[in-house]
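*Asks:* compute the structure for the input listed below.
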Amino acid sequence: MSDRLDKPTLTRIISSNYPIESKVAQIIALHELQRMNQLNEIANEIGHIFDNAKENEL
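*Replies:* Now for the predicted structure:
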């Protein structure tokens, strides 16, 4: 399973022969993973901002 929630991935999930419950679970899992990755990127950026601010104070 890809870690991106994009059109080809959604098409592949929807076109699969898995039960609808499995398809929904896969889509939800991908959405949550994508959201966590976005939040981690934001947290890293904020960390860099704080690090730069601390360096400028010294």
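
*Asks:* I'd like the next helix or strand past the one helix or strand residue 10 maps to.
*Replies:* Applying DSSP states H and E as the criterion places residue 10 in helix 7-15. Sequence order places helix 20-57 as the next helix or strand after helix 7-15, per DSSP H and E.

*Asks:* alpha carbons of stretch 46-58, in CSV - could you do that?
*Replies:* As requested, the backbone C-alpha atoms of stretch 46-58 are provided in CSV (Å, rounded to 0.1, in the frame of the first residue of the first chain):
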residue,chain,number,x,y,z
ILE,A,46,8.8,24.9,14.1
GLY,A,47,11.7,23.2,15.7
HIS,A,48,14.1,24.7,13.2
ILE,A,49,12.6,28.2,13.8
PHE,A,50,13.1,27.8,17.6
ASP,A,51,16.7,26.5,17.0
ASN,A,52,17.5,29.5,14.8
ALA,A,53,16.0,31.9,17.3
LYS,A,54,18.1,30.4,20.1
GLU,A,55,21.2,30.7,18.0
ASN,A,56,20.5,34.3,17.3
GLU,A,57,20.1,35.1,21.0
LEU,A,58,23.5,33.7,21.8
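
*Asks:* what's in contact with stretch 41-48?
*Replies:* Outside of stretch 41-48, no residue comes within contact range by C-beta atoms under 8 Å, 6 or more residues apart in numbering. For glycine as for every other residue, the C-beta is placed from the backbone atoms N, C-alpha and C.

*Asks:* ok, for the residue nearest to the spatial centre of the chain, nearest residue in space, not its chain neighbours?
*Replies:* For the chain, the residue whose C-alpha lies nearest the mean C-alpha position (C-alpha atoms, centre = their mean) is residue 34; its distance is 1.2 Å. Setting aside the residues directly before and after it, residue 34 is nearest to residue 5 in space (C-beta to C-beta, 6 or more residues apart in numbering), at 5.0 Å.

*Asks:* tell me how many other residues surround that neighbour.
*Replies:* Residue 5 has 18 neighbours, counted by other C-beta atoms under 10 Å.

*Asks:* repeat that for residue 9.
*Replies:* Around residue 9 sit 16 other residues, with neighbours defined as other C-beta under 10 Å.

*Asks:* and what of residue 23?
*Replies:* In terms of burial, residue 23 registers 16 neighbours under the definition other C-beta under 10 Å.
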